[in-house]
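> please find the sequence and the predicted model below.
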Amino acid sequence: MSILVNENTRVVVQGITGREGQVRTKLMLGYGPKVVAGVTPGRGGEEVLGVPVFDAVQDAVKQVGGIDASVVFVPARAALEAAKVAMDSGVKLVVIVPDRVPLHDVMKLAKHARQTGAVFLGPNTLGCLSPGKGVLGMMGGSPEAARKFFRPGRVGISSRSGGITSSMAYYLNKAGIGASTIVHVGGDSIVGLPHPAVLKLFEADPDTDLVVMFGEIGTTQEERVAEMMKRGEFTKPLVAYIGGKQAEEGTRFSHAGAIVEGGRGGYQSKVDALRDAGAVIVENFEDLPAVTGRVLAKVER
């Protein structure tokens, strides 16, 4: 198994006729899953890379049947409406790639997702990738690179940094450690699937034995993961690296969601909470593959 995406996921690309939409559609077509439709208002009837284009997601669903996931490549201020339309059309997973989506739009979308029984990944995300099965978004860059650098395995990866997401998977792969699914939760202060939600999915995945998590200062995602572990809601081994050790209060570290304020979301509070809950903390990023390998070797199959 995997989480969020597999080779049978049926995908619509919103904004498929734009530059990014076309490039990333080529990635998904070459690696998987099934891109069955694209949407750009006013461009219905065209094709992009052999994929039929429709004016609206509703039209796509009527013509090609049920769609499992939408990947959104539209300007940030249009992301809310695009995602809402997808959810209203029965799409249960929306991957919102653009950054700088207004915070109040994300809050509105979170409410709409709850009302429609859908979830969203991002905004400001590379997406997710299940090695050997499929990718949603832009992770890997090209089908060839994705096949070369991301090998199938039994380690789940959840990260708040796009660059670190790929780096973790790459270095684990070099150490002979494959991944079940690789998830970039997004770099904003409010995201649709933060670390706790992703780890719940990994907990239910029988093909994930261990999770590697990249956290960073800002928000309380990592502290909430620790609380989950203490409540017994996440029981698999967790290896965690937290970025931003040297950041001072008020500092923005890399992402909009990585800001230390009011004594909450700091490096030490995250490390202490996770370690107290039983997570294995990696102090130096370069040690991540070796530590993960040692923990994975102890997991009984």
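The structure has been received and is ready for your questions. Numbering: from 1, shown residues only.

> CA atoms for contacts and neighbours, from now on please.
Fine.

> quick one, helices of the stretch 201-301 of the chain?
221-231, 267-277, 288-298 (DSSP state H, counting those that start in this stretch).

> name the stretch among those helices that sits most buried.
Among the helices of the stretch 201-301 of the chain, the stretch with the highest mean neighbour count (mean count of other C-alpha atoms under 10 Å) is helix 221-231, at a mean of 20.

> verify the contact between Val95 and Gly127 for me.
Yes: look at Val95 against Gly127 with C-alpha atoms under 8 Å: they come within range, at 6.3 Å.

> need the overlap of contacts for those two.
Leu121, Leu136, Gly137 (C-alpha atoms under 8 Å, 6 or more residues apart in numbering).

> which one of those sits closest to Lys200?
Leu121 (14.3 Å; C-alpha to C-alpha).

> need the contact list for that closest one.
Neighbours of Leu121 in contact, by C-alpha under 8 Å, 6+ apart: Leu93, Val94, Val95, Ile96, Gly127, Val185, Gly186, Val191, Gly192, Leu193.

> which of those sit farthest apart?
Pairwise distances across the contacts of Leu121 (C-alpha to C-alpha) peak at 14.8 Å, for the pair Leu93 and Gly186.

> more neighbours: those two, which one.
Per other C-alpha atoms under 10 Å, whichever of Leu93 and Gly186 has more neighbours is Gly186, with 31 against 23.

> helix, strand or coil for the nearest residue to Val51 once chain neighbours are set aside?
Using C-alpha to C-alpha, 6 or more residues apart in numbering and skipping the chain neighbours, the partner closest in space to Val51 is Ala37 (5.6 Å). Of the three states, Ala37 takes strand under DSSP: H, G, I helix; E, B strand; the rest coil.

> burial count for Val48?
16.

> for it, list each beta-bridge partner.
Val51 (DSSP bridges).

> among the shared contacts of Val95 and Gly127, which one lies nearest to Gln268?
For the shared contacts of Val95 and Gly127, the nearest to Gln268 is Leu121 (27.1 Å; C-alpha to C-alpha).

> distance check, that closest one against Arg160.
According to C-alpha to C-alpha, to the nearest Å, Leu121 and Arg160 sit 11 Å apart.

> swap in Asp68?
The value you get for Asp68 to Arg160, if C-alpha to C-alpha is used, is 24 Å.
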